[in-house]
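> Fold the stuff below for me.
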Amino acid sequence: MAEERGLTALSSSLPHAAEVELEADYRDWIALLKPRVLSLVVFSGAIGLLVAPGHLNPVIAFTAILCITVAAGACGVINMWYDRDIDAIMRRTRNRPIPAGRIQPGPALGFGVTLAVGSVLVMGLAVNIPAALILALSICFYVFVYTMWLKRRTPQNIVIGGAAGAFPPVIGWAAVTGSVDLIPLVLFGIVFIWTPPHFWSLALWANEDYQRAGVPMLPVVAGARETRRQILLYTIVLVPLTLVPVAMGFSGLFYGLAAGLLDLVFLQRVVRVMLDRQDAQGNSLTGDAPAKAAFKYSVLYLFALFGALAIDRLVG
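Numbering: from 1, shown residues only. Sure, this is the predicted structure:
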């Protein structure tokens, strides 16, 4: 009997196999932050800080970038909490920590809200109030306007919601200057116009997922052919916009040449998306290979474009 009681106590102290399989580790909490999206957001915020006129103490500059990082991560967490139902349906997202059951919705929401509030408070206390207010606006726009309102209601979700991802250069600029000028608004506009061709290229080859989840992305609502046309139109608008810093005298020859080259390659990738072999409905007959290539290049494009602007300013 004593042996049986000992074995019972031992077995009750061990976690069940299912619990071990579903137990979250640090990688799941990091995954909630959407680190791949995070890197581009943080980079664009750092560029806004680097090209802004004036000087910022390195410790304060690091704090500002850290606040942008934490805020962007908070948006990712809250987005995953809210979208857990459709994430469970889509193949691309069903293994995320919440729909997979490794993290429960309540703790995830608490994690996201804590990060969001903390990032704004630290930005306000350690950097300045204008940067904190713009940071708070960007969080609210992403969570309430894009995630909760637009994403499931309109194919223009990415167009309007793209503003949320365009705020970081403005925040970085405001962290240095305490104000907003025309140049950070131009950078805002570049990211804003870049977002639709970037994301619609993804949506073309993830179309079945969005259909299954009932998300009204442009390919679902308007079809693949119209989506290709819109990708081209937005890219054509983007090209002259990237050259505005040169026209304003804010940047020089290096950035102008780099932007022109990057624009030409982007246009080439988008034209390939347009000329991809299609059926009568405009669906790709090649597995959307050109759209995948355009999507991947669009990420490199924005990194390189903003990097060239920073090099031009710092070296020039």
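
> Could you pull up the residues touching the nearest residue to residue 82 once chain neighbours are set aside?
Using Cβ to Cβ, 6 or more residues apart in numbering and skipping residues adjacent in sequence, the residue nearest residue 82 is residue 147, 5.3 Å away. In this view, the C-beta of every residue, glycine as well, is placed from N, C-alpha and C. By Cβ atoms under 8 Å, 6 or more residues apart in numbering, the contact list for residue 147 reads 75, 78, 79, 82, 83.

> run the last query once more with 7 Å
With contact taken as Cβ atoms under 7 Å, 6 or more residues apart in numbering, residue 147 is in contact with 78, 79, 82, 83.

> can you pull out the helices in the stretch 151-300 of the chain?
157-166, 168-177, 182-205, 207-213, 218-222, 224-242, 244-247, 253-275, 289-315 (DSSP state H, counting those that start in this stretch).

> So which of the ones you listed is nearest residue 37?
helix 157-166 (8.1 Å; Cβ to Cβ).

> In the helix or strand harbouring residue 85, which residues are buried?
Assigned by DSSP states H and E, residue 85 falls within helix 84-87. By neighbour count on 16 or more other Cβ atoms under 10 Å, the buried set for helix 84-87 is 84, 86, 87.

> Contacts for it next, please.
Here helix 84-87 has contacts from 80, 93, 94, 96, 98, 99, 105, 213, 215, using Cβ under 7 Å, 6+ apart.

> Likewise for stretch 218-225?
Under Cβ under 7 Å, 6+ apart, the answer for stretch 218-225 is 155, 200, 203-204, 207, 210-211, 227, 230, 278, 281-283.

> Pull the number of nearby residues for residue 209.
20 (other Cβ atoms under 10 Å).

> Test my guess that it contacts residue 92.
Yes - using Cβ atoms under 7 Å, residue 209 makes contact with residue 92 at a distance of 5.3 Å.

> one step back: now the contacts of stretch 218-225 in CSV, with distance to residue 33, neighbour count and pLDDT?
What follows is the contacts of stretch 218-225, written out as CSV (distance: Cβ to Cβ, whole Å; neighbours: other Cβ atoms under 10 Å; pLDDT from 0 to 100):
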residue, distance to residue 33, neighbour count, pLDDT
155, 27, 20, 89
200, 24, 26, 94
203, 23, 24, 90
204, 26, 26, 89
207, 27, 21, 83
210, 23, 21, 88
211, 28, 14, 88
227, 29, 26, 92
230, 30, 18, 95
278, 37, 15, 78
281, 37, 8, 68
282, 36, 17, 71
283, 34, 16, 75
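
> The protein - how does it break down into domains?
Under the assignment automatic domain parsing, the domains of the chain span 17-180, 181-316.

> Next one: the residue nearest to residue 82 from residue 258, what distance?
34 Å (Cβ to Cβ, to the nearest Å).

> Please apply the same query to residue 158.
Counting by Cβ to Cβ, the gap from residue 158 to residue 258 is 26 Å.

> Settle it for me: which of these two has more neighbours?
residue 158 (22 against 19).

> On the pLDDT front, check the closest residue to residue 191 other than its chain neighbours for me.
The shortest distance from residue 191 to any non-neighbouring residue, by Cβ to Cβ, 6+ apart, is to residue 166 (3.8 Å). On the pLDDT scale, residue 166 is placed at 95.
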